[in-house]
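*Asks:* this one's sequence-less:
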């Protein structure tokens, strides 16, 4: 017990537990959000770009996959430093830009939004703070409405971003909200109700100082976010790597002894994970250091990917508690990162 | 000594040493390459996308920065799995796509090139094997002409890719080959002639099992490539992170004890590194585990970024030798990765 009887990690755990309700509210709002975004999409559409840092950037990777699939035009991730450091002069006409910032206050995100909007982009801002400075530099705000987030590691605002990005992607396609979004709150609730697989992995990994986290397709952004959450709350060097990239060299770190977490959200990338497990077993016999999470079986892939993000939150939280640190307030981190 | 009296790491070292000559040949060819690419750029240009994996993908990040700056249109990195796994139907008209593959034979790169070209993109292929299958699925090949690369870790083909991407970017801009390319062979030769800073760092880091490698702007792709090379030849879990992203959470791994390598290529991102060093010193007092490489001082930023890639090769090679492994043939890795 720490000061005032508060258990370490209590705030993060409480915010994680709010996720089914937060996500259900966004599902209820999805048709309205879709209509608002659809009315703003440039025509003809040259491309879609996402602007974000940290956890929001991992959500952006999820949005990038879904947006390119739905819009039928290329999507990618912006490089903010081109605008904050190199003062790039770029024509953004024809682009839909989606900027994500939980706080709506990261200086480099604001600067980048201003630059691309002044250069012709239509900018949608996704934030938990609709009254933040972000609102002044975008064409439209989609609020996550997750309520105040007090733990340093972002959890409920991140899964809310993932869900809103599926709605943005749906707006870029021809139909309605067809990404199986209605399944998300239930998939997340099921994961929260069943922490067993995570506690077992955390117990095994209590003393590690490095971890590879891998997935493909929609599980890849979940791997990135899981790695970031583990790094933030434990100080373990956890790297998120796509299953395909892992095979282009980084698998040497697994052969060299690094534990590996594989995230399987089903979908067409799922077969890569089985191949990878065979490769690890053949290459080093270290399959005993490899754990696979495949949450919410039978649900649509986007819901399983979001459920995988929650598995990652659970793992980070559980590891931190077992290592005797407080995941609510990781040493040296602050809620709003002032990168420029 | 291994079989036949060959010293471990001899092949990789010899190929690293060839780089000034390889790069000088490409500088000599730059004006011709520029003219060929310029004649193929779609007009109007919707955007630029890069398709690659592994070391080639790190070169692509370098190309992405320079291309957006020079072209004045957004640039990004493609997600091959959308084409190999999700069978995305995407309109690529108006896009210049640059595909990079040292071998020209990675199945997923070929599949992605076929898909985006059939959908309207103009595709430039950069490869060391101009007679490879890649040549059949692109509009134009820019060969790296680095000679056969026999060590598993790619070195001379990677810096050659970096240089060709600067030429592609120049073709997208209005002028000539104006990225200071002529300085590259000399900058690389200077780094190769002065391995001292690297041997000192490798001696200090002989027994580590994790490493953060960070840079910003054009030094960021050099950080990604350094991390990959260290992972490949040593099994150390080395993660490349942009200096801005590092501050959004991952710095907790440095506070938690992970050694950190900072790459400084000058340019407008350089001030971020000084800030980062202060933050690390203030957060944990672990500045004694932090090393900065700032090669080729006074040279143009692109040349310094490429010189930083070579510093990373030296570090990987030196670490492998000190740890008693052979960097020429890392356990379990092959020259052509058959990802699909």
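*Replies:* Here it is on my side, so go on. Only a predicted model underlies this, so the values are computations on that prediction, with no experimental measurement involved.
*Asks:* Which residue is it, in the stretch 101-250 of chain A, that comes closest to chain B?
*Replies:* residue A:235 (2.1 Å; Cβ to the nearest Cβ). Every C-beta, even on glycine, is put in place using the N, C-alpha and C of the backbone.
*Asks:* burial of the closest residue to that residue other than its chain neighbours, as a residue count?
*Replies:* Distances taken as Cβ to Cβ, 6 or more residues apart in numbering or on different chains put residue B:256 closest to residue A:235, at 2.1 Å, once the chain neighbours are dropped. By other Cβ atoms under 10 Å in any protein chain shown, the residues close to residue B:256 number 21.
*Asks:* Could I get the contacting residues of residue B:256?
*Replies:* A:209, A:234-237 (Cβ atoms under 8 Å, 6 or more residues apart in numbering or on different chains).
*Asks:* Identify the residues contacting whatever residue of the stretch 1-150 of chain A ends up closest to chain B.
*Replies:* Nearest residue of the stretch 1-150 of chain A to chain B (Cβ to the nearest Cβ) works out as residue A:76 at 2.3 Å. Residue A:76 sits next to A:47-50, A:64, B:47, B:49, B:74-78 when contact means Cβ under 8 Å, 6+ apart.
*Asks:* out of those residues, who's nearest residue B:213?
*Replies:* residue B:77 (18.9 Å; Cβ to Cβ).
*Asks:* what about the closest residue to the closest one other than its chain neighbours, distance to residue B:62?
*Replies:* Distance criterion Cβ to Cβ, 6+ apart; nearest residue to residue B:77, sequence neighbours excluded, is residue B:50 at 5.3 Å. Noted for residue B:50: a distance of 9 Å to residue B:62, by Cβ to Cβ, to the nearest Å.
*Asks:* now check stretch A:52-61, is it near chain B?
*Replies:* Yes. Using Cβ under 8 Å from any Cβ of the partner chain, stretch A:52-61 reaches chain B at A:53-55, A:57.
*Asks:* Need the per-residue pLDDT for residue A:333.
*Replies:* Predicted confidence (pLDDT) for residue A:333: 85.
*Asks:* which non-adjacent residue is nearest it?
*Replies:* residue A:152 (5.0 Å).
*Asks:* What of residue A:339?
*Replies:* residue B:244 (4.5 Å).
*Asks:* That neighbour reaches residue A:109, doesn't it?
*Replies:* No. Judged on Cβ atoms under 8 Å, residue B:244 makes no contact with residue A:109 at a distance of 10.4 Å.
*Asks:* Overlap in contacts, these two.
*Replies:* Common neighbours of residue B:244 and residue A:109 (Cβ under 8 Å, 6+ apart) are A:53, A:80.
*Asks:* just checking, which of the contacts of residue B:256 belong to helices?
*Replies:* residue A:234 (DSSP state H).
*Asks:* Separate out the buried members of the contacts of residue B:256.
*Replies:* A:209, A:234-237 (16 or more other Cβ atoms under 10 Å in any protein chain shown).
*Asks:* ok, so of those residues, who is nearest residue A:192?
*Replies:* residue A:234 (20.2 Å).
*Asks:* residues touching the closest one, list them.
*Replies:* A:316, A:319-320, A:323, A:325, A:327, B:252, B:256.
*Asks:* go on, residue A:333?
*Replies:* A:152, A:232, B:249, B:251-252.
*Asks:* Residue A:18 now?
*Replies:* Taking Cβ under 8 Å, 6+ apart as the test, what residue A:18 contacts is A:146-147, A:156.
*Asks:* And the helices in the stretch 101-250 of chain A, which stretches?
*Replies:* When secondary structure is read from DSSP state H, counting those that start in this stretch, the stretch 101-250 of chain A shows helices at A:107-118, A:156-172, A:184-192, A:196-204, A:219-234, A:243-247.
*Asks:* Could you tell me which residues of the stretch 1-150 of chain A lie near chain B?
*Replies:* Counting by Cβ under 8 Å from any Cβ, the stretch 1-150 of chain A sits next to chain B at A:46-47, A:49, A:53-55, A:57, A:64-65, A:68-69, A:71-82, A:85-86, A:88-92, A:94-95, A:108.
*Asks:* Show me the beta-bridge partners of the residue lying closest to residue A:230 once chain neighbours are set aside.
*Replies:* In space, residue A:230 comes closest to residue A:238 once its chain neighbours are excluded; the distance is 4.0 Å by Cβ to Cβ, 6+ apart. Under the criterion DSSP bridges, residue A:238 forms beta bridges with residue A:211.
*Asks:* Quick check, residue A:238 in contact with residue A:224.
*Replies:* No. Contact criterion Cβ under 8 Å: residue A:238 and residue A:224 do not qualify, at 10.0 Å.
*Asks:* Neighbour count: those two, which is higher?
*Replies:* Shown here are residue A:238 and residue A:224; by other Cβ under 10 Å, residue A:238 has more neighbours (32 against 27).
*Asks:* doesn't residue A:331 make contact with the residue nearest to residue A:333?
*Replies:* No. Between residue A:152 and residue A:331 there is no contact, the gap being 9.9 Å when judged by Cβ under 8 Å.
*Asks:* which secondary structure elements does the helix or strand where residue A:30 lies contact?
*Replies:* Secondary structure from DSSP states H and E places residue A:30 in helix A:19-40. Contacts defined by 3 or more Cβ pairs under 8 Å, 6 or more residues apart in numbering or on different chains; DSSP states H and E place helix A:19-40 against strand A:122-127, strand A:140-143, helix A:156-172, helix A:184-192.
*Asks:* Let me know which of those is the nearest to residue B:309.
*Replies:* Nearest of these to residue B:309, taken as Cβ to Cβ: helix A:156-172 at 33.3 Å.
*Asks:* In terms of secondary structure, what does that closest one contact?
*Replies:* helix A:19-40, helix A:55-71, strand A:95-100, strand A:122-127, strand A:140-143, helix A:184-192, helix A:301-322.
*Asks:* any residues touching the third one, and which ones?
*Replies:* What it means is strand A:95-100. Applying Cβ under 8 Å, 6+ apart, the set of residues contacting strand A:95-100 is A:40-42, A:45-52, A:56-57, A:59-60, A:63, A:67, A:78, A:109, A:112-113, A:116-117, A:120-127, A:134, A:138, A:161, A:165, A:168, A:172, B:74.
*Asks:* now do 6 Å
*Replies:* Identification of contacts with strand A:95-100 by Cβ atoms under 6 Å, 6 or more residues apart in numbering or on different chains yields A:41, A:46-52, A:56, A:59-60, A:109, A:113, A:116, A:121-126, A:161, A:168.
*Asks:* Of the residues you listed, grab the buried ones for PyMOL.
*Replies:* Typed into PyMOL, the next command selects the buried ones out of the contacts of strand A:95-100 (criterion: 16+ other Cβ under 10 Å):
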select buried, chain A and resi 46+47+48+49+50+51+52+56+59+60+109+113+116+121+122+123+124+125+126+161+168
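*Asks:* Would you mind listing what in the stretch 201-340 of chain A touches chain B?
*Replies:* A:210, A:216-217, A:228, A:231-232, A:235, A:237, A:239, A:244, A:247-250, A:252-253, A:255-256, A:258, A:268-269, A:283, A:330-332, A:337, A:339 (Cβ under 6 Å from any Cβ of the partner chain).
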